[in-house]
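[1] Give me coordinates for this.
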Amino acid sequence: MVARLGGDEFAILHQGNTTRAELAEMAGRLIEAVSAPIIIDGNAILPATSVGIAVSPDDGSSVADLLKNADLALYSSKDGGRNRYSFFEPAMDEAARARREMEMDIRAALSRHELSLSYQPLIDIETGHPVGYEALMRWNHPERGAISPTEFIPIAEETGLIVQLGEWVIREAIAEAATWPDHLSVSINLSPAQMRSPGLISCIVNTLAQTGVAANRVELEITEGVLMQDSETNIAILHKLNDLGLSISLDDFGTGYSSLNYLRAFPFKKIKIDRCFVDGIDSRDDCRAIIQSVVQLAKSLGMTTTAEGVERSSQLSQLNLEGCTQAQGFLFSKAVPASELTDLSRPAEHLPRSHYV
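    Modelled structure (predicted):
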């Protein structure tokens, strides 16, 4: 029996004494059949299929349990890259339970004041002193202790909670920047879900008005993932933010699919070179060649460049030779609370030249 559950999800009920090998073969045939190209108006559409399999009685004896466990296996297949099948395993249920608990904790984290911001400096390579700080979210759970952003940010994005968290970051980071000298900027990361939020622009405008921070001191960082989803709509939003005077940076440059096309579609103020290239700049010719090309491209387009993940003096020296504008990484400082930031009490012209370069 084949049934449509809704949207693009279907269920197949197969009855009989069937082995797991036969079920796997059936799922493989299904994936192959559905993935055949479909021609619409001369364009080839390539469908992708993910299959989750639950077997009674091992994986449940009720309709509800079988559907739930097949669904968990389905999402495991999607996470694995689609066009594949997965059998349900008990660990999937444990992972789902842990995810639900994490989601509930995230919802309560703001009201319990468990979230905070840390700031990592952006260093001007020529002068050697900070020109701004990137705001990074931190979570200190009362029972679990410090929870890495890599654990809770993906769940917040999947559930839409990132919109609420993101608005909190915007308000907190800009309010903190209001206490800094005017030559220092604050960088804030935006997720794809935030770009879809109708309250994004009003949140930024209201916060700027309340704090008195100049718009050009706020830098919004986006990744190519933002532009890959509803690109025309998101580019229109970026233009509105740009018109307000905010700086827009393209983060993790070089790790996506269409970076050059995005540079043509929107006038970014800055390109942030991903750490995977920076890591090998002092030891690999290909990394040096890529960074050299990115820096020259940015210069020709009137953009600055920030190298992420700088950890060694040899990396910084090579970045300086290639003409990179800014650097960020553990060589200078890890992300720290605002109370631990240095050089916040002196204007830029009185800051000593660094000995990094």
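
[2] what's Leu184 in contact with, if anything?
    Pro130, Val131, Gly132, Tyr133, Ala177, Arg217, Leu344 (C-beta atoms under 8 Å, 6 or more residues apart in numbering). Where you see a C-beta, it was placed from the backbone N, CA and C, and this is true even at glycine.

[3] Just to be careful, could you list which of these are in helices?
    The helices, defined by DSSP state H, take in Ala177 from the contacts of Leu184.

[4] Show me which of the contacts of Leu184 are buried.
    Pro130, Val131, Gly132, Tyr133, Ala177, Arg217 (16 or more other C-beta atoms under 10 Å).

[5] quick one: which of the residues you listed is nearest to Leu227?
    Gly132 (23.2 Å; C-beta to C-beta).

[6] which residues does that closest one contact?
    Pro121, Leu122, Leu184, Ser185, Val186, Ser187, Arg217, Glu219.

[7] hey, what's it bridged with?
    Leu122, Ser185 (DSSP bridges).

[8] Tell me how far it lies from Leu117.
    14 Å (C-beta to C-beta, to the nearest Å).

[9] okay, and the common contacts of the two?
    What both Gly132 and Leu117 touch, as defined by C-beta under 8 Å, 6+ apart, is an empty set.

[10] Helix, strand or coil: sort out the closest residue to Pro37 other than its chain neighbours for me.
    Nearest residue to Pro37 in three dimensions, chain neighbours excluded: Ala44, at 4.5 Å (C-beta to C-beta, 6 or more residues apart in numbering). Secondary structure for Ala44, judged by DSSP: H, G, I helix; E, B strand; the rest coil, is strand.

[11] Isn't Ala44 up against Ile38?
    Yes. Assessed by C-beta atoms under 8 Å, Ala44 is found in contact with Ile38 at 7.3 Å.

[12] what stretches of the stretch 201-350 of the chain score poorly on pLDDT?
    Low-confidence segments of the stretch 201-350 of the chain (pLDDT under 70): 229-230, 254-259, 343, 345-350.

[13] got the buried ones among the contacts of Leu184 as CSV, with distance to Ile162 columns?
    Listed next are the buried ones among the contacts of Leu184 as CSV, based on distance: C-beta to C-beta, whole Å:
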residue, distance to Ile162
Pro130, 28
Val131, 27
Gly132, 23
Tyr133, 21
Ala177, 21
Arg217, 24
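
[14] For Cys287, state which of those is nearest.
    When those are compared against Cys287 (criterion: C-beta to C-beta), the nearest one is Val131, at 24.5 Å.

[15] can you pull the contacts of that closest one?
    Leu122, Ile123, Asp124, His183, Leu184, Ser185, Gln326.

[16] Would you write a ChimeraX line that selects the buried entries of the residues you listed?
    Per 16+ other C-beta under 10 Å, the buried members of the contacts of Val131 correspond to this ChimeraX selection:
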select :122,123,124,184,185,326
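
[17] Could you single out the nearest of the contacts of Val131 to Ser62?
    Distances from Ser62 to these, taken by C-beta to C-beta, are shortest for Leu122, at 55.7 Å.

[18] and the residue nearest to Ile273 when sequence neighbours are not counted, what are its phi and psi?
    Residue nearest to Ile273 in three dimensions, not counting chain neighbours: Ala307, with 4.9 Å by C-beta to C-beta, 6+ apart. With angles defined as degrees, to the nearest 10, Ala307 sits at phi -90, psi 120.
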